[in-house]
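In: model the structure of this input:
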Amino acid sequence: MKNNIFSLKNLSFGRIATFLILLFFSSIQTINAQTGDEWFEKGTKANDITLKIEYFTKAIEKKCKNLGAAYFYRGNLKGALKKYEESILDYNEAAIIDPNVSSIYSNRANSKSKLGKYEEAIADFDKAIAISPNYPLAYHNRGMLKHNLGKYEEAIADYDKATELMENYSYAYYNRGLSKAKLNKHEEAIADYEEALAVKPHNQPMQKIPDYIYTEAHYNFGISKAKLGKYEEAIMCYSTALLFDSDNVEAYFYRAISKSELGKYAESINDYDKAITLKPDFVEAYGNRGYSKYKLGQYAESIKDYDKTIELKPDFADMYDSRGVSKAELGKHKEAIADFDKKIKLNPNGASTYNNRGRSKYNLEKYKEAIEDFDKAITLNPNSPFAHNNRGLSKYKLGKYKEAIADYDKALKLNPDFEDAKKNREEALKKQ
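Out: I've put the predicted structure just below:
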């Protein structure tokens with residue numbers, strides 16, 4: 001008895017082709033027969049993001065029971081792919097179907113914020129909070145948007161609510177510190193940074209600061225310490241930030257500033273060197289390094305840094321003034337005056353620049369022109385003992401001893417410990 005086993009070997013080519021076509025259409029019919037709910041379930045179980053979007057799209061087309069959720073999930077996936085405009089369209093549909101789901105509005109707000117639509121995003125967070133008043137993440141994220149809009153007090157109020165609703169919400173403490181720092185409430189900002197950094201790693205992910213923020217927290221900690229004049233502590237904070245991120249340009253830069261404030265100019269130069277190595281077009285780093293070199297008496301070297309600063313930013317007015325001062329220290333008064341002229345052209349309201357130009361003119365024995373510059377400096381800053389003393393020196397050279405004494409008196413009234421003014425006054429008194 002022959003076996004009645006089915007085999008492609010027993011079929012002709014034509015019958016095989018017919019069989020495969022029938023099999024193909026049978027598969028299509030099976031796929032098309034799947035319901036919207038089945039596609040929705042496949043979307044929730046798939047791992048590949050492209051497949052998930054495809055399955056939720058089919059679920060939407062077939063009007064699955066969880067239609068609002070399908071739009072919501074697809075919106076989340078499109079947001080993850082940075083297709084924010086498309087994600088917003090999906091959230092819009094989800095909100096029409098399920099208008100009382102707070103996460104729809106909060107997620108739509110996140111997509112809008114990515115597009116820079118902060119006001120619209122805040123309006124969505126308002127809706128999310130109205131539906132779920134105890135939603136800490138919505139308060140926190142709304143606070144971030146208000147901070148970005150410069151509404152620091154309102155941002156702080158949102159962070160307050162977020163920390164009230166969630167214990168150890170370090171991210172909220174950290175961002176509240178940033179807003180307080182913007183309002184120059186640096187003591188309070190420091191307290192918030194300390195609170196944020198105190199959260200232990202085993203806490204919930206939403207509570208713990210991400211590693212990159214942990215680095216930034218120490219950096220901003222240092223900024224607030226420096227604003228309070230606590231430069232040694234600021235240096236420690238910047239150093240800690242650099243332990244976590246050795247390529248943090250800003251940490252090197254601001255640590256250098258704190259070292260400079262403490263008179264540690266050589267150390268500050270080392271930090272500026274590192275900042276410039278990491279960021280060769282760092283304009284401010286060249287300028288500040290030039291100042292540190294100036295303070296160490298390295299006038300020619302400081303001029304090179306000021307040259308580079310001006311090359312990178314030709315309208316950086318203060319750099320012309322600084323370069324002029326270094327040139328004056330080298331006795332290059334004509335070149336110095338040319339730099340002071342450029343500074344005044346860019347910014348005619350700098351009292352110190354007129355004073356500096358007056359000093360160079362004095363050294364070139366142009367005493368009348370020097371007096372004109374000192375007059376302008378005093379007009380712009382009547383409380384400058386230096387300008388009064390320098391004008392007195394010029395008047396002394398012109399034999400106007402009584403007027404010179406009046407200027408020295410004014411300088412000493414403004415600064416009773418001004419030794420140069422005391423000596424200059426004594427010399428002028430001898431001439432009477």
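In: which residue ranges of the stretch 1-150 of the chain form helices?
Out: With DSSP state H, counting those that start in this stretch as the criterion, the stretch 1-150 of the chain has helices at 13-32, 36-45, 49-61, 67-80, 84-97, 102-114, 118-131, 136-148.
In: make CSV out of these and add mean neighbour count and distance to P314.
Out: Every residue, glycine included, has its C-beta placed from N, CA and C. Listed next are the helices of the stretch 1-150 of the chain as CSV, based on neighbours: other C-beta atoms under 10 Å; distance: least, C-beta to C-beta, whole Å:
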stretch, mean neighbour count, distance to P314
helix 13-32, 10, 66
helix 36-45, 17, 57
helix 49-61, 18, 48
helix 67-80, 22, 43
helix 84-97, 19, 38
helix 102-114, 23, 36
helix 118-131, 19, 34
helix 136-148, 23, 31
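In: for these, give me JSON lines that also has distance to P280 and mean pLDDT.
Out: Below are the helices of the stretch 1-150 of the chain laid out as JSON lines (distance: least, C-beta to C-beta, whole Å; pLDDT from 0 to 100):
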{"stretch": "helix 13-32", "distance to P280": "58", "mean pLDDT": "45"}
{"stretch": "helix 36-45", "distance to P280": "49", "mean pLDDT": "95"}
{"stretch": "helix 49-61", "distance to P280": "39", "mean pLDDT": "96"}
{"stretch": "helix 67-80", "distance to P280": "36", "mean pLDDT": "97"}
{"stretch": "helix 84-97", "distance to P280": "34", "mean pLDDT": "98"}
{"stretch": "helix 102-114", "distance to P280": "31", "mean pLDDT": "97"}
{"stretch": "helix 118-131", "distance to P280": "34", "mean pLDDT": "98"}
{"stretch": "helix 136-148", "distance to P280": "30", "mean pLDDT": "97"}
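In: turn those into a markdown table, columns for distance to D407.
Out: As requested, the helices of the stretch 1-150 of the chain are arranged in a markdown table below (distance: least, C-beta to C-beta, whole Å):
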| stretch | distance to D407 |
| --- | --- |
| helix 13-32 | 96 |
| helix 36-45 | 84 |
| helix 49-61 | 77 |
| helix 67-80 | 69 |
| helix 84-97 | 65 |
| helix 102-114 | 59 |
| helix 118-131 | 55 |
| helix 136-148 | 50 |
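In: to P385, which of those lies closest?
Out: Nearest of those to P385, taken as C-beta to C-beta: helix 136-148 at 42.0 Å.
In: give the buried residues for stretch 361-375.
Out: Across stretch 361-375, burial judged by 16 or more other C-beta atoms under 10 Å covers 361-362, 366-367, 369-374.
In: go on, stretch 163-174?
Out: Buried-residue list, stretch 163-174, by 16+ other C-beta under 10 Å: 163, 165-166, 168-174.
In: where are the low-confidence patches of the stretch 101-250 of the chain?
Out: 199-210 (pLDDT under 70).
In: could you rerun that using 90?
Out: Counting by pLDDT under 90, the stretch 101-250 of the chain contains low-confidence ranges at 167-168, 170, 196-217, 244.
In: separation between E403 and D375?
Out: 12 Å (C-beta to C-beta, to the nearest Å).
In: ugh, wrong one, Y152
Out: 42 Å.
In: just to revisit the earlier point, indicate which one of the helices of the stretch 1-150 of the chain is closest to A336.
Out: The nearest among those, by C-beta to C-beta, is helix 136-148 at 43.7 Å.
In: still on that earlier bit, could you identify the most distant pair in the buried residues of stretch 163-174?
Out: Going by C-beta to C-beta, the pair spanning these furthest: L165 and Y174, at 16.4 Å.
In: just the helices from the stretch 301-432 of the chain, written as ranges.
Out: Using DSSP H, counting those that start in this stretch, helices in the stretch 301-432 of the chain cover 317-329, 333-346, 351-363, 367-380, 385-397, 401-414, 419-430.
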